[in-house]
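J.: Okay, structure incoming, though there's no sequence with it:
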């Protein structure tokens, strides 16, 4: 049990708390040649991916069912016995080949024992070694047992099919914790990541399941790792939201700078430079920030407390003017008021305040995805 806790926790750490990228799924099976496709007949066994005819599959089925000249005895749980042929299962599984070579041979029989797995699941597994097929009902009932058996005895094709079955249709809130633990033990990173995401997105319901309670009692270290990853995921989510909101603010500031240049250079609706003639029927302004900025400029022009810090609205206008001056590339020819004055004022600011302004300008331009914008440049 301690080893399982250690292995599972190491798997979580190696996966970097199950980062956002899923491992790629296994490649799809190659299409069958047209010559053999006509010789196959669809039945309830999954023969769609087989390259042989149904008659050959039925022949291997009979060989396994009858045990004709079998030389391997497989002892399963509850006293069950299966018979198989050494040459077939030794070729299909290198692990079984090694176990049978090391085991004692009495008369013509080689014997192995597979415990902890239902007899019917073991039977489905060994039948797959003969035919590479299974019945859909068997896969749905024994998919977890088949995943473990295919991993232990190194049958990669069956293991992939079990993973695909679990990923596509067999995962539920009741069994996701069990599948998660088994996928860690069976080295199925894609399946374990899918289970982990499902646990995090449905944590309240999953934490009330019997599987979670069993994991909490038997593997507390794994439970701790899942909880820590959930906390980390929540922190990452909050950080993503913070960055999104921050990006919106930077975009709004950039749009305000564009609108400010537009108002002071070209004029907008009823506000603009003194030498600008406004027409009665003006086209709608393309700058979304113009309307709010127009009200702010009118307030700034009429406010009697128009000193930095004297009025909250005026203070905001002073900040916009200073921000513009820091990204303006032509202060001498700029039509925005006080642009060149702020350039002179920058030299008198403290180093700390200067750094803060430079960081703000850098983030605004980076958010916009540019290094130098029309009429703007980074100072």
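T.: Received, thanks. Because the structure is a prediction, the values reported are computed rather than measured. Numbers count the residues shown, from 1 in each chain.
J.: Domain map for this protein?
T.: Listed by automatic domain parsing, the domain ranges of the chain are 2-236, 248-368.
J.: Tell me which stretches of the stretch 1-150 of the chain form strands.
T.: Assigned by DSSP state E, counting those that start in this stretch, the stretch 1-150 of the chain shows strands spanning 72-75, 81-84, 105-106, 109-113.
J.: quick one, which of these is nearest to residue 232?
T.: Between residue 232 and the strands of the stretch 1-150 of the chain, the shortest separation by Cβ to Cβ is 43.1 Å, and it involves strand 109-113. All C-beta spots, glycine's among them, are computed from the backbone N, C-alpha and C.
J.: any idea of the mean pLDDT in that closest one?
T.: Mean per-residue pLDDT for strand 109-113: 90.
J.: Run through the neighbouring helices and strands of the longest helix along the chain.
T.: If you go by DSSP state H, the chain has its longest helix at helix 220-265. If you count contacts as 3 or more Cβ pairs under 8 Å, 6 or more residues apart in numbering; DSSP states H and E, helix 220-265 packs onto helix 2-14, helix 189-201, helix 210-218, helix 290-302, helix 312-327, helix 351-368.
J.: average pLDDT for that helix?
T.: Averaged over helix 220-265, pLDDT sits at 88.
J.: And for stretch 172-187?
T.: On average, stretch 172-187 scores 92.
J.: And that stretch, what's buried?
T.: Using 16 or more other Cβ atoms under 10 Å as the test for burial, stretch 172-187 gives 175-186.
J.: Could you tell me which ranges of the protein sit under the pLDDT cut-off?
T.: The chain contains residues with pLDDT under 70 at 1-52, 103-104, 269-270, 272-284, 306-310, 343-344, 347, 370-379.
J.: sorry, back to before: sort out which one of the buried residues of stretch 172-187 lies nearest residue 267 for me.
T.: Residue 267 lies nearest to residue 176 out of the buried residues of stretch 172-187, by Cβ to Cβ, at 62.4 Å.
J.: Run a quick check on that closest one versus residue 207, I expect a contact.
T.: No. Judged on Cβ atoms under 8 Å, residue 176 makes no contact with residue 207 at a distance of 11.2 Å.
J.: Phi and psi next, for residue 287.
T.: Residue 287 adopts backbone torsions of phi -90, psi 120, taken as degrees, to the nearest 10.
J.: For it, give me its contacts.
T.: Residues counted as contacts of residue 287 (Cβ atoms under 8 Å, 6 or more residues apart in numbering) are 255, 258-259, 262, 268.
J.: farthest-separated two in those residues?
T.: Greatest spacing in the contacts of residue 287, by Cβ to Cβ: 255 and 268 (13.3 Å).
J.: Looking at these two, which is more packed in?
T.: Relative neighbour count places residue 268 above the other of residue 255 and residue 268, with 22 against 16, counting by other Cβ atoms under 10 Å.
J.: ok, the nearest residue to residue 226 once chain neighbours are set aside to residue 126 distance?
T.: Among residues not flanking residue 226 along the chain, residue 199 sits closest, at 6.4 Å (Cβ to Cβ, 6 or more residues apart in numbering). For residue 199, the distance to residue 126 equals 33 Å [Cβ to Cβ, to the nearest Å].
J.: got the buried residues for stretch 128-145?
T.: Across stretch 128-145, burial judged by 16+ other Cβ under 10 Å covers 128-134, 138-139, 142-145.
J.: next one: stretch 55-75
T.: Buried residues in stretch 55-75, defined by neighbour count with 16+ other Cβ under 10 Å: 57, 60, 63-64, 70-74.
J.: for stretch 186-202, same thing?
T.: For stretch 186-202, a neighbour-count test (16+ other Cβ under 10 Å) marks 186, 188-196, 198-200 as buried.
J.: Taking these, tell me the two that lie furthest apart.
T.: Longest span within the buried residues of stretch 186-202, Cβ to Cβ: 186 and 200, 20.9 Å.
J.: before we move on, back to that, okay if I get the contacts of residue 287 as TSV plus distance to residue 325?
T.: TSV is the format used below for these (distance: Cβ to Cβ, whole Å):
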residue	distance to residue 325
255	17
258	15
259	16
262	16
268	20
